[in-house]
Every structure is written in C-alpha cells, then in structure tokens.
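**Student:** got a predicted structure plus its sequence, pasted below:
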Amino acid sequence: MLTGDTNDEDVSLFDAEEDAGKRSKKNIKHPVASFFHLFFRVSATLVYLFCELVSGSFIASMVTIILLLSCDFWTVKGAGKQQTSDSESRIFWLGLIVCPVIWGIFAFSTLFSFKVKWMPVVIMGLVLQGANLYGYVRCKVGAKTSLKNMATNYFGRQFLKQTLSKEEES
C-alpha cells in the first residue's frame, strides 16, 4: 500500500466498503424501486427482441421502446437519491452496467444485419442507457476525480499488488 499520497481515493461502484454500518446487508428496503429499475430496462430489451413477432408496426414498437427507456431514465434518477441496502446497490449498478452493454451489442448486430430502420431506436437505447451509467459513475466518483485517473489508480494498484505478491513468493 502506498503511503504519503493524500489525494488518492478508493471509490467502489458497488458501495460494498462504504457505509457498511448504516446499511442492511441482505434486506431490500425499496422493493418497488428495485423492481421498476429492472422492469423498464428488461421490458425495453424484450420489446426490441420480440417486436417483429408480436407487432408488425415499426412505429408502435419504436414508441414503446422509447417510452420504456424514458420511464427507466426517470425511475433511475429517482432511485439514486434513496438510502439503499448492499443488495439494492448491487442490483442498481449491475442493471446500470449490463444494459448499455446489451444495447451496444444490439447496435453492432443491427449494423451488421443491415436493419437500418432499427438503428435510430438502438442508438436511442444506447444513448439513454449510457447517459444513466455515465451520470451515476460521475456522481459516484465525484466531479473532481476523472474516470481516467480512477482507472489509472486502480490498475496501478493491481499491478503493484501482483508485483509484491510475486516478490514474496520468490
């Protein structure tokens, strides 16, 4: 562990280390917020995947997906202000991270399958989900700490730990 570096901050996206005494570790304090956080995200994804099977209308599918993503954007904004348990924090961050990845996969699959009409919908999904993720990571890390510095510090620590553990084994 490095000493003397006072500006070095450990930031956990999952809140595992922070507020351990204040939070309940297993109970979900806000089941409705947790449900709707995932409901809107999963519903938008499912509508996108199965819209051509259920409805032949591109416009109805597009409007439904955009409304679900917008509801998710609003729900996540409200859910982030509440005091949560560790379980809720993990649900929140996993949903926040996994969904933009899924919409990114949709973007590549739409591009390579030449379904150009779906590209605006997929881009909107990627932008809304990515904006949520970016906003909450920035809030969590803090406005003064850049993401690049956080990543550099994290990987530097991991390299130092590996190097020290290899020296101890020798």
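**Tutor:** Great, that's in hand.
**Student:** output the below-cut-off pLDDT ranges for the chain.
**Tutor:** Regions of the chain meeting the criterion pLDDT under 70 cover residues 1-26, 77-82, 143-148, 150-151, 167, 170.
**Student:** can you map out the helices along it?
**Tutor:** Residue ranges of the helices in the chain, as given by DSSP state H, are 31-54, 58-79, 86-112, 119-141, 147-169.
**Student:** mind putting these into a markdown table with mean neighbour count?
**Tutor:** C-betas here are computed from N, CA, C, even on glycine. As requested, these are arranged in a markdown table below (neighbours: other C-beta atoms under 10 Å):
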| stretch | mean neighbour count |
| --- | --- |
| helix 31-54 | 17 |
| helix 58-79 | 17 |
| helix 86-112 | 17 |
| helix 119-141 | 17 |
| helix 147-169 | 11 |
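**Student:** chain neighbours aside, what residue packs nearest to Pro100?
**Tutor:** Using C-beta to C-beta, 6 or more residues apart in numbering and skipping residues adjacent in sequence, the residue nearest Pro100 is Gln129, 4.1 Å away.
**Student:** got the contact list for that neighbour?
**Tutor:** 41, 69, 72, 99-100, 103 (C-beta atoms under 8 Å, 6 or more residues apart in numbering).
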